[in-house]
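> build me a model from this:
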Amino acid sequence: MLRLTLIAACMSFGCYSYPGDVQARVDADTQVDAIVDAAIDAVPGTWSSPVKLAFNRQRETEECPSISNDGLELYFTGLGWSEAGGYDIYSVTRPDTRSPWGTARGDSRGASTPGNDEFGPNLDSTATELFFESSGTLSSITRVSATSPWSGSPITLGFQGRFPNVSSDGLTLYYLDTTASCPAGTCRSKRTRADRLSNWGTPSVEQMSFAQFSYAFVSGDGRRVLFSGPPANTIAEASRQSTDMPWGATRAFGGVLNSFYQYARWNSAEDEMYLAAPGFEQGTYDVYQSTLQRP
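Sure, this is the predicted structure:
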């Protein structure tokens, strides 16, 4: 059930039609203030205390956030947002990077795959191709432009995997393959394609860490990777000089980026981090944002 919910950010009270929306506006403004305050309070060169974003719902799950290159669209996995149930993919938007994210209105539209759970969205650098897991199989959906609706039905990539992660040029795909020969959580499988219209080639395996992380996000240039748990229960990073070299030692962030947070991803500038953490209701997750305080 892939439901791409485009949630527009309203910037004036005139766009709200009932009292609950006034509170939503207050929550959005409070969210922006909290993000700014957290960044100011952070020591230069460190990450600010993560702030829970206002679009989270109290009794539902929001996790696996994925930010667009321009910072104006955020995709995430939602559980309990639709009457159909199951995991679906949603998005929120904002008019500029200084504005709050839009508030969920439940106006689902777009393609769907009945009977399946969709998980771990990853938007490519052009915002015209979205990769995700659909009940254990990797899939994608496309659109003509970053502002167009998603067209057609999702396309199955033809192989199983979790947490897809595509490079900036759209030609390299990293993902977690539970059938790979390395210990789960320490490596990622990688496939390449000649161009965006070609099929993906045969997989190779990259050893990334000697600690186990269920979630790894490779930067667009393929030279940095962001790890988050479980089971390692920390947020860490590793780097390499070029994509044909092995990954260096894993370095834990520590501080405010502790084991409470999971599903971590950077934005394209690597100065914002989007994460998920356990919610108020047992078994739920919420999406948070942390900002790198530049020296």
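
> quick one, strands of the stretch 51-200 of the chain?
Applying DSSP state E, counting those that start in this stretch to the stretch 51-200 of the chain gives strands spanning 51-52, 61-67, 73-79, 87-93, 118-123, 129-134, 137-142, 151-160, 162-166, 172-176, 187-192.

> with distance to T234 and mean neighbour count as extra columns, can I get those strands in CSV?
Placement of C-beta: from N, CA and C, glycine included. Formatted as CSV, the strands of the stretch 51-200 of the chain follow (distance: least, C-beta to C-beta, whole Å; neighbours: other C-beta atoms under 10 Å):
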stretch, distance to T234, mean neighbour count
strand 51-52, 20, 18
strand 61-67, 18, 24
strand 73-79, 22, 24
strand 87-93, 25, 24
strand 118-123, 20, 24
strand 129-134, 24, 24
strand 137-142, 27, 20
strand 151-160, 28, 14
strand 162-166, 18, 22
strand 172-176, 18, 23
strand 187-192, 18, 20
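
> reformat these as TSV; add distance to P278 and mean pLDDT.
Formatted as TSV, the strands of the stretch 51-200 of the chain follow (distance: least, C-beta to C-beta, whole Å; pLDDT from 0 to 100):
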stretch	distance to P278	mean pLDDT
strand 51-52	11	91
strand 61-67	10	88
strand 73-79	13	86
strand 87-93	17	85
strand 118-123	17	90
strand 129-134	21	92
strand 137-142	27	92
strand 151-160	28	87
strand 162-166	19	93
strand 172-176	21	94
strand 187-192	25	93
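
> quick one: which of these is nearest N267?
Nearest to N267, of all those, is strand 61-67, at 4.7 Å by C-beta to C-beta.

> and that closest one, what other elements does it pack with?
Strand 61-67 makes packing contacts with strand 73-79, strand 118-123, strand 262-266, strand 272-278, strand 285-291 when contacts are defined by 3 or more C-beta pairs under 8 Å, 6 or more residues apart in numbering; DSSP states H and E.

> do that again at 10 Å, thanks
strand 73-79, strand 87-93, strand 118-123, strand 129-134, strand 162-166, strand 262-266, strand 272-278, strand 285-291 (3 or more C-beta pairs under 10 Å, 6 or more residues apart in numbering; DSSP states H and E).

> now the ones you listed in TSV, with distance to V51?
Shown next, in TSV, are the helices and strands packed on strand 61-67 (distance: least, C-beta to C-beta, whole Å):
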stretch	distance to V51
strand 73-79	14
strand 87-93	15
strand 118-123	21
strand 129-134	26
strand 162-166	24
strand 262-266	14
strand 272-278	10
strand 285-291	6
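
> ok so, going back, quick one: which of the strands of the stretch 51-200 of the chain is nearest R223?
Closest approach to R223 among the strands of the stretch 51-200 of the chain (C-beta to C-beta): strand 172-176, 11.9 Å.

> now do that closest one and strand 187-192, the angle between them.
Relative orientation of strand 172-176 and strand 187-192, computed by axes from the mean of the first three to the mean of the last three C-alpha atoms, to 10 degrees: 150 degrees.
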